[in-house]
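# please find the sequence and the predicted model below.
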Amino acid sequence: MKKAGILNRHLSGALAELGHGDGVLVCDAGMPIPDGPRVVDLAFRAGVPSFAEVLDGLLAELVVEGATAAEELSGRNRALLEGHFPGLSLVPHERLKELSAGARLVVRTGEARPYANVLLRCGVFF
């Protein structure tokens, strides 16, 4: 068994398969999940695990070169994403849903607040 990092075998394996430019949608429990991408559903109950917890865990494992979120984003989630991604791209929520169809991986959190969604673009570590 892994000692550290992401223990969920489905998520760990999916992250290992990602390459440069691949999209990862990290979403709340209410975001419509597109057909096509691999889905790892971590939602246990409302709020568990939180969007922030899942995002922090993913960022410890991934190199991210860009991020896109809904312009309707506000409050705690806006501050969280702008703190992690100074060049955060904002698009209308409907556009984010369209873009999410091109993601290679969807990670669903238990977050129950609206617009806790971000589309990450993978980078390279060298």
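Nice, thanks for sending it over.

# partner strands of the longest strand seen in the chain and their direction?
As assigned by DSSP state E, the longest strand anywhere in the chain is strand 64-70. Here strand 64-70 is paired, per DSSP bridges, with strand 89-91 (parallel), strand 118-122 (antiparallel).

# the helices in the protein, which residues?
Taking DSSP state H, the helices of the chain run over residues 9-16, 51-61, 75-84, 93-100.

# nearest to residue 37, out of the ones you listed?
helix 93-100 (7.8 Å; Cβ to Cβ). No exception for glycine: its C-beta is placed from N, CA and C like everyone else's.

# quick one: low-confidence parts of this protein?
1 (pLDDT under 70).

# in it, which residue is closest to the centre?
Nearest to the geometric centre of the chain sits residue 26, at 2.0 Å (Cα atoms, centre = their mean).

# okay, and the beta partners of that one?
Assessed by DSSP bridges, residue 26 has beta-bridge partners residue 107, residue 118.

# how much space between it and residue 126?
Per Cβ to Cβ, to the nearest Å, residue 26 is found 24 Å from residue 126.

# again with residue 97
For residue 97, the distance to residue 126 equals 33 Å [Cβ to Cβ].
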